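1. Have a look; sequence and predicted model below, questions after that.
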Amino acid sequence: MTHLFHRHCHAELPTVSSGDGVYLFDTEGKKYLDGCGGAAVSNLGHSHAAVKKAIIEQVEAIPFAHTGFFTNQPSEALATLLTDLAPDNLDHVYFVSGGSEAVESALKMARQYFVEIGKPNKTQFIARRQSYHGNTLGALAVGGNEWRKENFRPLLAEVEHISPCYAYRDQRESETELAYSHRVADELESKILAMGAENVMAFVAEPVVGATAGALPATTGYFKRIREICDKYDVLLILDEVMCGIGRTGTFYAFEQDDIVPDLVTIAKGLGAGYQPIGAVVVSNKIYDAMANGSGFFQHGHTFMAHPVACASALATIKTILSENLLEKVVSQGEKLQRKLKEALLPLDYVGDVRGRGLFIGVELVADKLTKTPLPAATEANKVVKQLAMKNGLMCYPMAGTINGREGHHILLAPPFIINDEQLDELVSKLKMSLIEAANGWTK
Ligand code: PMP
């Protein structure tokens with residue numbers, strides 16, 4: 001009998017014992033290539049000397065001092081670095097311990113902002129059906145994954161959802177990319193008008209959808225149109241970069257590639273690269289100033305916010321990304337990985353699409369490529385592919401619920417930025433082998 005309660009009550013998982021670069025080892029000595037960074041977390045691999053050193057030094061200097069009493073050097077330096085890397089009007093950073101806390105904080109900031117500026121009737125969020133924003137009650141309410149919400153619906157705030165930007169499934173043959181982008185983005189305007197702009201606080205979206213779509217970038221022009229609509233109706237734009245931020249897509253913030261500036265950005269996962277739990281909200285001056293010049297505080301807070309060790313670890317992580325030019329590596333290795341995956345997997349009958357940006361790539365599985373019919377839930381492809389990949393020494397992140405959080409399957413790949421060419425080949429061949437083995441079950 002065990003005492004540790006994992007997400008699956010009866011999970012029989014290998015016990016991890018050590019890591020080296022892009023590899024993890026279990027207590028039996030078996031080696032696993034980390035093809036997904038856990039859930040797009042381990043950007044620097046598993047044994048980065050500079051990050052480990054920064055953590056040890058911070059523990060020795062001062063591991064914790066409550067933010068109600070002290071500020072600390074690593075959080076100040078990290079906030080400066082994160083805002084230096086952001087556009088001019090994103091000058092403030094609020095540190096928490098993970099992605100859901102970051103999203104909760106951003107949602108509450110949006111609400112407090114409108115109270116501060118005298119628009120207290122703005123109380124509603126709009127988000128997208130194809131989305132995951134975390135498992136705490138506010139973040140879960142905003143997310144569009146129906147399966148995750150089912151049991152908790154009585155506890156969740158009402159949130160309106162619009163279509164995702166999902167060209168593979170929704171772009172019409174007669175439509176240009178830009179026309180498609182505008183058609184789906186314009187759903188936001190219709191929704192705002194239906195709800196009454198005076199009631200709507202913010203639109204929440206992932207620039208590149210992660211957990212619910214296995215890396216799904218928006219088409220060109222989509223977010224520009226979204227930004228215009230938000231501005232027109234005084235609706236804040238909250239971008240959730242918990243998964244796709246911190247270099248994962250090839251730019252430090254994913255939204256840089258959409259050529260827009262959000263009002264609030266949430267980051268986590270890759271921020272600490274798994275060495276420490278940390279998340280943050282990057283906050284625009286408009287929102288910060290409304291609070292600073294109004295009530296003078298943000299009515300929120302957590303015990304471990306701006307934790308010195310977590311911030312020291314994130315600071316070392318980002319300095320490494322910059323000093324080792326890892327963003328360039330993400331772009332070049334990402335292009336190679338996407339090309340290799342397309343060559344190896346698209347010929348398979350049940351691989352419908354390979355897409356993504358940088359080292360954030362999704363593989364969508366289908367029952368029929370022509371009609372794009374999703375794989376039936378009964379195949380349990382997510383579980384089977386994961387198990388077989390682990391048997392074959394590969395961590396990948398297959399998920400069910402590609403379409404509206406219910407139907408369909410995809411595999412998310414998000415290897416560490418330091419992955420080399422040989423390891424890319426290993427990833428592709430182990431994934432292909434696992435998929436072929438898995439498909440023996442569902443194509444029978
Ligand atoms: N937002 C997004 C986009 C995510 O992918 C996740 C985690 N998968 C979260 C929020 C929640 O983060 P956490 O699990 O750290 O609470």
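-> Great, that's in hand.

2. State the number of residues packed around R7.
-> Around R7 sit 6 other residues, with neighbours defined as other CB atoms under 10 Å. Quick note: C-beta positions are derived from backbone N, CA and C, even for glycine.

3. H10 now?
-> Other residues within reach of H10 by the criterion other CB under 10 Å amount to 6.

4. now stretch 332-343: mean pLDDT?
-> For stretch 332-343, the mean per-residue pLDDT is 98.

5. Just give me how far that stretch sits from the chain centre.
-> Using CA atoms, centre = their mean, to the nearest Å, the mean C-alpha position of stretch 332-343 is found 20 Å from that of the whole chain.

6. And stretch 189-201, by the same measure?
-> Centroid separation between stretch 189-201 and its chain, computed with CA atoms, centre = their mean, is 26 Å.

7. Which residues does that stretch contact?
-> 110-111, 114, 119, 121-126, 160, 162, 229, 232-236 (CB atoms under 8 Å, 6 or more residues apart in numbering).

8. Using neighbour counts, give me the buried entries of those residues.
-> Buried positions within the contacts of stretch 189-201, assessed by neighbour count (16 or more other CB atoms under 10 Å), are A110, R111, F114, K122, Q124, F125, I126, I162, I229, Y233, V235, L236.

9. Remind me what the host helix or strand of the second one packs against, helices and strands.
-> Under the criterion of DSSP states H and E, R111 resides in helix 99-116. Judged by 3 or more CB pairs under 8 Å, 6 or more residues apart in numbering; DSSP states H and E, the packing partners of helix 99-116 are strand 90-96, helix 137-142, strand 200-205, strand 236-240, strand 264-267, strand 279-284, helix 285-293.

10. tell me what the helix or strand following the last one is packed against?
-> Read in the C-terminal direction, the helix or strand following helix 285-293 is helix 308-323, with elements assigned using DSSP H and E. For helix 308-323, the helices and strands in contact under the criterion 3+ CB pairs under 8 Å, 6+ apart are helix 49-61, helix 73-84.

11. end to end, how far does stretch 342-362 reach?
-> For stretch 342-362, the separation between the terminal residues is 11 Å (CA to CA, to the nearest Å).

12. now stretch 107-126
-> By CA to CA, the extent of stretch 107-126 from end to end equals 11 Å.

13. after the helix holding R111 comes which helix or strand?
-> Helices and strands here follow DSSP H and E; after helix 99-116, the next one along the chain is strand 124-128.

14. now for that next one, which elements pack on it?
-> In terms of contacts (3+ CB pairs under 8 Å, 6+ apart), strand 124-128 is packed against helix 137-142, strand 160-162, helix 177-195, strand 200-205.

15. Could you pull out the buried residues of stretch 33-44?
-> The neighbour-count check on stretch 33-44 (16+ other CB under 10 Å) flags L33, D34, G35, C36, G37, A39, A40, V41, S42, N43, L44 as buried.

16. So the second one versus the ligand, what's the distance?
-> It stands for D34. 16 Å (CB to the nearest ligand atom, to the nearest Å).

17. okay but that residue is in contact with Y397, surely?
-> No: the pair D34 and Y397 does not pass the contact test of CB atoms under 8 Å, sitting 10.4 Å apart.

18. which parts of the chain sit against the ligand?
-> Near the ligand, the residues belonging to the chain are 39, 98-100, 103, 132-134, 206, 210-211, 240, 242-243, 268 when assessed by CB under 6 Å from any ligand atom.
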